[in-house]
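Colleague: Build me a model:
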Amino acid sequence: MHSRTKFIIIIPILYLLTAFQTCYSSANHPITPTLADPSSSSIVFQVTGNVYPTGYYYVTVNIGNPSKPYWLDLDTGSDLTWIQCDVPCTKCFPAPHTLYKPNKNLVTCMEPLCASMHWPETLDCESPNDQCDYEVQYADHGSSLGLLVKDWFPLKYTNGSVIKPLLAFGCGYDQEIEGSMDPPYTDGVLGLGLGKASILRQLKDLGVTKNVVAHCLSAQGNGHLFFGDEFVPSSGVTWIPMSTTKIE
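Modeller: Residues are numbered from 1 along each chain as shown. Below is the predicted model:
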């Protein structure tokens, strides 16, 4: 389920216009758990996919404790990250991994993140403990309907240390896609947009990494996705304010 705006490189504070000469590949380091590591500021994901014939790019994100891998379709044109979910699932598409099953970790209707998902409408919560529902619509007329949950996201800094922030994301139990299109063979969508629900924005608010994202894609396919500013070149980069105009 991917937006037709996905090949725009979105940076939530500024818009980075540059071509990385090479793609960074993190070395193998011992994993030492930590809450935060000031000596490193970036997280790198391996990107898989191509423009043709695959037609989409995805990264592997580990979620849960113990964690399980999920393939998430990169979408720079939307905010919410979501994965297909067994609550149970009303309509889910074939996916590489078993459906995610939440463990009583719901985002409630009264939480600020829920309100941001429904803005400018005002939520009318019958109870503070009501679940937070969501529905996202995409430019290709696809959609996902579900509820917001929280879980642990083990992430490795470029120096090898690991953090496990608790992040909110969508648990999608009803997905739609235009009949003439084939859904990507992924578990869900990694939203990299501007909103408060974005994984990148949540990481920034937790002090995990800077509010900067970029990707490096090879002409032969695949590449890397960067969270943070550790690999922003010191020269040869042009920064301009990012447009906030909504793309219809």
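
Colleague: all contacts plus neighbour counts: C-alpha atoms, from now on.
Modeller: Will do.

Colleague: which non-adjacent residue is nearest the residue nearest in space to the middle of the chain?
Modeller: Centroid-nearest residue in the chain: Leu190, 2.8 Å away (criterion: CA atoms, centre = their mean). Spatially, and ignoring its direct neighbours in sequence, Leu190 is nearest to Thr81 (4.5 Å; CA to CA, 6 or more residues apart in numbering).

Colleague: Quick check: next helix or strand after the lowest-mean-pLDDT helix or strand in the chain?
Modeller: Ranked by mean pLDDT, DSSP states H and E, the weakest helix or strand in the chain is strand 14-17, scoring a mean of 32. Next helix or strand after strand 14-17 toward the C-terminus (DSSP states H and E): strand 43-50.

Colleague: Could you identify the helix or strand that succeeds that following strand?
Modeller: strand 56-64.

Colleague: Sheet partners, orientation included, of the helix or strand just after that following strand?
Modeller: Downstream of strand 56-64, the next assigned helix or strand under DSSP H and E is strand 67-75. Strand pairing for strand 67-75, using DSSP bridges, gives strand 56-64 (antiparallel), strand 188-191 (parallel).

Colleague: now those strands as TSV including mean pLDDT and distance to Val213?
Modeller: Conversion of the strands paired with strand 67-75 to TSV gives the following (pLDDT from 0 to 100; distance: least, CA to CA, whole Å):
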stretch	mean pLDDT	distance to Val213
strand 56-64	96	14
strand 188-191	96	11
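
Colleague: Phe93: which of these is closest?
Modeller: Closest approach to Phe93 among the strands paired with strand 67-75 (CA to CA): strand 188-191, 9.7 Å.

Colleague: Quick one: low-confidence residue ranges for this structure.
Modeller: The chain contains residues with pLDDT under 70 at 1-40, 179-181, 239-248.

Colleague: ranges for the strands of it?
Modeller: Ranges of strands in the chain, per DSSP state E, are 14-17, 43-50, 56-64, 67-75, 82-84, 133-137, 143-152, 155-156, 162-163, 166-176, 188-191, 213-217, 223-227, 238-241.

Colleague: would you list those strands in CSV and tack on distance to Asn103?
Modeller: Shown next, in CSV, are the strands of the chain (distance: least, CA to CA, whole Å):
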stretch, distance to Asn103
strand 14-17, 36
strand 43-50, 26
strand 56-64, 9
strand 67-75, 13
strand 82-84, 15
strand 133-137, 16
strand 143-152, 9
strand 155-156, 20
strand 162-163, 21
strand 166-176, 11
strand 188-191, 18
strand 213-217, 30
strand 223-227, 28
strand 238-241, 40
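
Colleague: Out of these, which is closest to Thr108?
Modeller: So among these, strand 143-152 is nearest, using CA to CA, at 8.0 Å.

Colleague: Give the other helices and strands that that closest one contacts.
Modeller: Here strand 143-152 touches strand 56-64, strand 133-137, strand 166-176, going by 3 or more CA pairs under 8 Å, 6 or more residues apart in numbering; DSSP states H and E.

Colleague: again, only this time at 10 Å
Modeller: strand 56-64, strand 82-84, helix 112-118, strand 133-137, strand 166-176 (3 or more CA pairs under 10 Å, 6 or more residues apart in numbering; DSSP states H and E).
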